[in-house]
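Student: 3D model of this:
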Amino acid sequence: MTKPDIDVAALAKLARLEVSAEELAKLGKEIPNILAFVEIIQQAGAGAEHKGEGLQNVMRADENPHESGIHTEKLLSAAPAREGDRIAVKQVISRRKS
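Tutor: Prediction:
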């Protein structure tokens, strides 16, 4: 790709941006490099569709499930506060009454 002729001041005006003379000079040097990089990315893998190895569900089966609720009491005893079988937390969001 040849270095394109870009009117950075016109682009800034179209985008309604206030750009100083220093920024215009800097962008004038950077934009062609950015466009060249975008062109390289666009060419990479163009038209090639990636197909995985056919994995549908990567979760393993739980071969030794434990009894439901077996650890509940231990977990609740570690909580700073509880209400019945639940951990009590400070309310952080108030509900607005309509």
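
Student: switch to C-alpha atoms for all contacts and neighbour counts from now on
Tutor: Fine.

Student: could you pull out the strands for the protein?
Tutor: 82-83, 86-87 (DSSP state E).

Student: which outside residues touch the last one?
Tutor: Just to be clear, that refers to strand 86-87. 76, 79-81 (CA atoms under 8 Å, 6 or more residues apart in numbering).

Student: Check what pLDDT the residue nearest the centre of the chain gets.
Tutor: For the chain, the residue nearest the mean C-alpha position is I41 (19.6 Å; CA atoms, centre = their mean). Note on I41: pLDDT of 88.

Student: Model confidence for S98, exactly?
Tutor: The per-residue pLDDT reported for S98 equals 61.

Student: Renumber starting at 23 from here on
Tutor: From this message on, residue numbering opens at 23, which makes the last subject S120.

Student: Which elements pack onto the longest helix seen in the chain?
Tutor: Secondary structure of the chain per DSSP state H: the longest helix is helix 43-65. Secondary-structure packing of helix 43-65 (3 or more CA pairs under 8 Å, 6 or more residues apart in numbering; DSSP states H and E): helix 30-36.

Student: Return the set of buried residues in the helix it packs on.
Tutor: For helix 30-36, the neighbour count (16 or more other CA atoms under 10 Å) marks 30-31 as buried.

Student: Same check on stretch 48-56?
Tutor: 49-50, 54.

Student: roughly how far apart are L97 and R118?
Tutor: Going from L97 to R118 by CA to CA, to the nearest Å gives 32 Å.

Student: Tabulate the strands of the chain (a markdown table), appending mean pLDDT and distance to F59.
Tutor: Below are these laid out as a markdown table (pLDDT from 0 to 100; distance: least, CA to CA, whole Å):
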| stretch | mean pLDDT | distance to F59 |
| --- | --- | --- |
| strand 104-105 | 91 | 57 |
| strand 108-109 | 90 | 53 |
